[in-house]
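S.K.: sequence and predicted structure, then a few things I'm wondering about:
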Amino acid sequence: MTNKLLSLVFLGVLVFGVFALSEPVNVEAQVASSPPGCNSVIGYSSTTGLPCNGTSTATLTFLAGCTSIIGYSSTTGLACNGGTTATIAFLPGCTSVIGYSSVSGLPCNGGIAAQTALFPGCTSVVGVSTMTGLPCSGGTTPLSFLPGCTSIYGVSSINGLPCNGLAVATPFPPGVPGLPITGSTGNTLENLGLLTASGILALLSIGILARRRKAVLQ
Amino acid sequence: MVGLVAVVSLGIFGVTSARTFWYAPNGEVIVNDSISVIPQKALAKENQPSSYPVRLKIPKIKVDAKIMQVGITKAGNMAAPSNFSDVGWYKYGAIPGEKGSAVIAGHVDRGAKFPAVFKRLGDLKKGDEIFVETAEGRDPIRFVVTGAKLYDYDAQAPEVFLEDNDTLLRLITCTGQFVKKYGTHDKRLVVTAVRVG
């Protein structure tokens, strides 16, 4: 009976602990027409580890005239993903081809290495380059402001991601960071709850173990 | 089964204790210098490590803390120190002792309302002394408090970081009420000190 009760309490603490400490689950992006674990012909499958181009040697660079797997080559007009149909939408968890997916952690350009700098003539992923006239997002059409954003500054009110589409939000005025967060009072209940529950459980279980050991010795 | 319960419970207890009393995730992100969020002149400071601040002492409120370097969070805020007993110097701003606003932040409390390094920052008054030691180990740089100001948690405060008509030190901590929907306190206390001597 004690063991069952202990198991139930343990399960409760474990579930609470997992929810309190867990990170978002990684989900792999995948295009239906590509081999499993592949978004294009570039690189290796994230599930099988085999080259995504179907040969024994992986393609490690983007196709000629492409800066990502999105859209069409500027020189050949072919789909940059190497398939028959171009990838138009950004990869899951990406608002452009720049940086890493917030869902999978993989490069948003679909390549081996992420593009971390903006395109020449761009100050964010919004709009078009003043130098090339191409969309700053690296997509096929220029972006207006990102969801939950009314400018390129700060973070989205919907998903908390930077409105400039980069890893770090552009503060406004630019160059001036926001004030820091320097208090942890908000976690008091969660922390005290976990400390109390896990402490009691540890004491109980250690007590039971000690009693059993004593009984065995006798 | 009971043994497993004991081990896992002790593990959860240990991790939670660390989060509550010592470790404070600060959400700092590594800034690629090809992204122009941080001024280039700030990145150039990385070449002057001997003048970096290493220790902060405030006799009046019994602060004697190690200074760690902090950068910026994903949201574009100054990052906070990663524990409750050290303070964090904003490494993309001025160096303490040089002309401009050097900014140092510290936590006001720990994860269970216990006091952290800047719990008593609000007790500082005009004329109180603050000392900053640098990596080169010369005499500490002496500052005296000239004033304090409250800001909203989401205020844009360029003067805190950019004012450069004097050699200033700004100390920041959270204050006011903790507001759950903001995930932080609703105010920030900024104490300003000026270099003397």
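M.R.: That came through, no problem. Residues are numbered from 1 along each chain as shown, chains lettered A, B, ... in the order given.

S.K.: CA only for contacts and neighbour counts going forward, please
M.R.: OK.

S.K.: and B:V190, what are its bridge partners?
M.R.: Under the criterion DSSP bridges, B:V190 forms beta bridges with B:K149, B:I172.

S.K.: just the pLDDT at it, thanks.
M.R.: In the prediction, the pLDDT value recorded for B:V190 is 97.

S.K.: also B:E133?
M.R.: B:E133 is given a pLDDT of 95.

S.K.: give the next helix or strand downstream of the helix or strand of chain B with the lowest mean pLDDT.
M.R.: Using mean pLDDT, DSSP states H and E, the weakest-scoring helix or strand in chain B turns out to be helix B:40-44, at a mean of 51. Under the assignment DSSP states H and E, the closest C-terminal helix or strand after helix B:40-44 is strand B:53-58.

S.K.: show me chain A divided up by domain.
M.R.: Taking the TED database as the reference, chain A has its domains at A:32-86, A:88-125.

S.K.: and of those domains, who's closest to chain B?
M.R.: Closest approach to chain B among the domains of chain A is made by domain A:88-125 (5.6 Å; Cα to the nearest Cα).

S.K.: quick one: is that closest one near chain B?
M.R.: Yes. Using Cα under 8 Å from any Cα of the partner chain as the criterion, contacts between domain A:88-125 and chain B involve A:T116, A:A117, A:L118.

S.K.: what's the first-to-last distance across that domain?
M.R.: 16 Å (Cα to Cα, to the nearest Å).

S.K.: what residues sit buried inside that domain?
M.R.: For domain A:88-125, the neighbour count (16 or more other Cα atoms under 10 Å in any protein chain shown) marks A:88, A:90-104, A:106-112, A:114-119, A:122-125 as buried.

S.K.: likewise stretch A:187-198?
M.R.: A:N187, A:T188, A:E190, A:N191, A:L192, A:G193, A:L194, A:L195, A:A197, A:S198.

S.K.: go through the residues of domain A:88-125 next to chain B and flag which are in helices.
M.R.: Applying DSSP state H to the residues of domain A:88-125 next to chain B, no entry is found in helices.

S.K.: using CSV, write out every CA atom in stretch A:110-122.
M.R.: Taking C-alpha atoms only, stretch A:110-122 is exported to CSV below (Å, rounded to 0.1, in the frame of the first residue of the first chain):
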residue,chain,number,x,y,z
GLY,A,110,17.6,24.1,-45.9
GLY,A,111,21.4,23.8,-46.3
ILE,A,112,24.2,22.4,-44.2
ALA,A,113,25.1,25.7,-42.6
ALA,A,114,22.7,28.5,-41.7
GLN,A,115,22.9,31.9,-43.2
THR,A,116,23.3,34.3,-40.3
ALA,A,117,23.8,37.6,-42.1
LEU,A,118,21.1,39.7,-43.9
PHE,A,119,21.3,39.9,-47.7
PRO,A,120,23.1,43.0,-49.0
GLY,A,121,20.9,46.1,-49.0
CYS,A,122,18.6,44.7,-46.3
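
S.K.: residue ranges of the helices in chain A, please?
M.R.: A:2-21, A:188-217.

S.K.: hmm, who's touching stretch A:124-135?
M.R.: A:96, A:118-122, A:136-138, A:141-146, A:152, A:164-166 (Cα atoms under 8 Å, 6 or more residues apart in numbering or on different chains).

S.K.: do you know how far the nearest residue to B:F118 once chain neighbours are set aside is from B:G176?
M.R.: Once flanking residues are discounted, B:F118 sits nearest to B:V108: 4.8 Å by Cα to Cα, 6 or more residues apart in numbering or on different chains. Separation of B:V108 from B:G176 (Cα to Cα) stands at 11 Å.

S.K.: low-scoring stretches of chain B, by residue?
M.R.: B:30-48 (pLDDT under 70).

S.K.: same check on chain A?
M.R.: In chain A (pLDDT under 70), the answer is A:1-34, A:172-175, A:185-186.

S.K.: swap the cut-off to 80 and go again
M.R.: A:1-35, A:39, A:46, A:153-154, A:166-176, A:183-189, A:191, A:218 (pLDDT under 80).

S.K.: so what's residue 176 up against?
M.R.: Just so you know, I chose chain A. Here A:V176 is in contact with B:Q156, B:A157, B:P158, B:F161, B:L162 (Cα under 8 Å, 6+ apart).

S.K.: wait, I meant chain B there
M.R.: Contacts of B:G176 by Cα under 8 Å, 6+ apart are B:H185, B:D186, B:K187, B:R188.

S.K.: alright, I will stop here.
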